[in-house]
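**Q** predicted model, plus sequence, below.
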Amino acid sequence: MDKIIKNVIIDGQKSAIVISDGKIAGVGRAFAAKPGSEIIDGKGMTAIPGLVDVHVHFRDPGLTEKETIRTGSEAAAAGGFTTVLTMPNVLPVIDQVATLEKQVALNKEKGLVKVGQIAAITDELTTDRVTDIAALKQAGAKAFSNDGHGVQEAKTMLEAMKAVAAVGGIMTVHLEDNGLADGGVVDPAASERLGLPGLTALSETTQLARDIELVRATGCRYHVAHVSSQQSVELIRQAKKEGLPITAEVSPHHLFLDESMIQGDDTNFKMNPPLRTKEDRYALIAGLLDGTIDMIASDHAPHTEEDKAGSIADCAFGIVGLETTLPLVYERFVASGLVDLKTAVSWLNKKPIEGFALNEAGQLRAGDAADIVLLDVEQAFQINPESFHSKGKNTPFAGEEVHGLVMKTFVDGQLVFSKE
Ligand SMILES: NC(=O)N[C@@H](CC(=O)O)C(=O)O
Ligand SMILES: [Zn+2]
Ligand SMILES: [Zn+2]
């Protein structure tokens, strides 16, 4: 049965969207409904393509008290995301073909949205044994990452990049030199004030500088996960100028928060990489605006209340993001007048789709998958962790007043989330 979504605003114009067989048959001013079509009145709502998040953690299997594929993908749908890529730091780690095959099947069975799987670069994420990249790619790995851990040995990274390049894959990299990180938990600028050990940005930038040399040597398609510092933005800018195949993502928290905003020992402000200085934050925003940083990714990292209890010194790193990213980006960038909605959406749809070759995700064009989000951009609301679909309630944005309320989310033309 066809569906028509009528009376929605797209790029400032009142429009209609026709959905047939899960695909977008047309987007335009008006369509006559075929007899028997389901008509959805989108009056007062803005339509955008379903968002794509290339960096989330669903904790399933092994850590399902934090999140499951089901709750994580419900959070995605409620947050306007219709395609996500999940990191391999579950238990067991996704580092073997058999484990990956099982995971791909589980993601499909349990996922309410399109859940693509990222496989590990090395066995167990921490060894120097590179995984069977070619076989994992063949079995459906969307990318390769040791997220949560940096790859310590240059030799390991070189070998992995050669393997990824050979099969036309993509690597999405958590940069962290363990020696320099030295057990730190906050940016050194906040260390004395908070009485907590510092985690220097050199831990990120030195590995990035190393990896850029390895990209130059191998031609590997390389993506920087959660870039946090001004120096990293500069390194990426130079590498791109040279034409190296590098892209980068930034998280909403690194765009909208910095270390000066950490008021006391609040564990909702603990994430890896840590919030850096205001200068770093401004450099990230400038980098996003000039295209040095390609996209926004949430790094949705749910934890139990227990895992986030106590002090920043010893609780788990990470905050949730799937249900806060769109309203925060809408509020801070679009409602504030910094960029138009189309530009903001490109950071959360077009750029990740292009960067990760996610052709199954729709961009709201005729012929694309009918991955669609309807927003109410007029109604102000407060971010309330108690209303999250995610099991994780760990966010520093609770109580924040925002716009950009997700009303309905469609994946392949099927309604997967409806407000009320
Ligand atoms: N970002 C975090 O602080 N934590 C992530 C790991 C990661 O993204 O590095 C997690 O898995 O909890
Ligand atoms: Zn990471
Ligand atoms: Zn992560």
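**A** Yep, it's here. Numbers count the residues shown, from 1 in each chain. Ligands and ions are numbered 1, 2, ... in the order given.
**Q** which parts of the stretch 101-250 of the chain sit against ligand 3?
**A** Within the stretch 101-250 of the chain, the positions adjacent to ligand 3 are D147 by Cβ under 5 Å from the ion. Yep, even glycine has a C-beta here, placed from its N, CA and C like the rest.
**Q** who in the stretch 101-250 of the chain is up against ligand 2?
**A** 147, 174.
**Q** what's the neighbour count on the residue lying closest to A163 once chain neighbours are set aside?
**A** Leaving aside its sequence neighbours, A163 sits nearest to I133 (Cβ to Cβ, 6 or more residues apart in numbering; 3.8 Å). Neighbourhood size, I133 [other Cβ atoms under 10 Å]: 24.
**Q** measure E249 to A380 for me?
**A** 28 Å (Cβ to Cβ, to the nearest Å).
**Q** more neighbours, these two?
**A** With neighbours defined as other Cβ under 10 Å, E249 and A380 compare such that E249 has more, 26 against 13.
**Q** which residues does the more buried one bridge with?
**A** M295 (DSSP bridges).
**Q** against G50, how distant is it?
**A** Counting by Cβ to Cβ, the gap from E249 to G50 is 18 Å.
**Q** try P92
**A** Taken as Cβ to Cβ, the span from P92 to G50 is 30 Å.
**Q** more neighbours, the two?
**A** G50 (29 against 14).
**Q** centre of the chain to stretch 329-345, how far?
**A** Distance, stretch centre to chain centre, for stretch 329-345: 17 Å (Cα atoms, centre = their mean, to the nearest Å).
**Q** stretch 303-315 too?
**A** 22 Å.
**Q** stretch 342-355 too?
**A** 11 Å.
**Q** in that stretch, which residues are buried?
**A** By neighbour count with 16 or more other Cβ atoms under 10 Å, stretch 342-355 contains the buried residues 344-353, 355.
**Q** same question, stretch 262-270
**A** Quick answer for stretch 262-270 (16+ other Cβ under 10 Å): 262, 267-270.
**Q** and the residue nearest the centre of the chain, what does it touch?
**A** The C-alpha lying nearest the average C-alpha coordinate of the chain belongs to A297 (Cα atoms, centre = their mean; 2.7 Å). Shown in contact with A297 (Cβ atoms under 8 Å, 6 or more residues apart in numbering): 53-56, 225-226, 249-251, 352.
**Q** what's the answer for S251, then?
**A** Contacts of S251 (Cβ under 8 Å, 6+ apart): 55, 226, 271, 296-299, 321.
**Q** swap in 7 Å and give it another go.
**A** Applying Cβ atoms under 7 Å, 6 or more residues apart in numbering to S251 gives the contacts 226, 297-299, 321.
**Q** and H149, by the same measure?
**A** Contacts of H149 (Cβ under 7 Å, 6+ apart): 125-126, 174, 176.
**Q** can you tell me how far L202 sits from D187?
**A** 11 Å.
**Q** for H174, which non-adjacent residue is spatially closest?
**A** Per Cβ to Cβ, 6+ apart, closest to H174 is D147, 4.5 Å.
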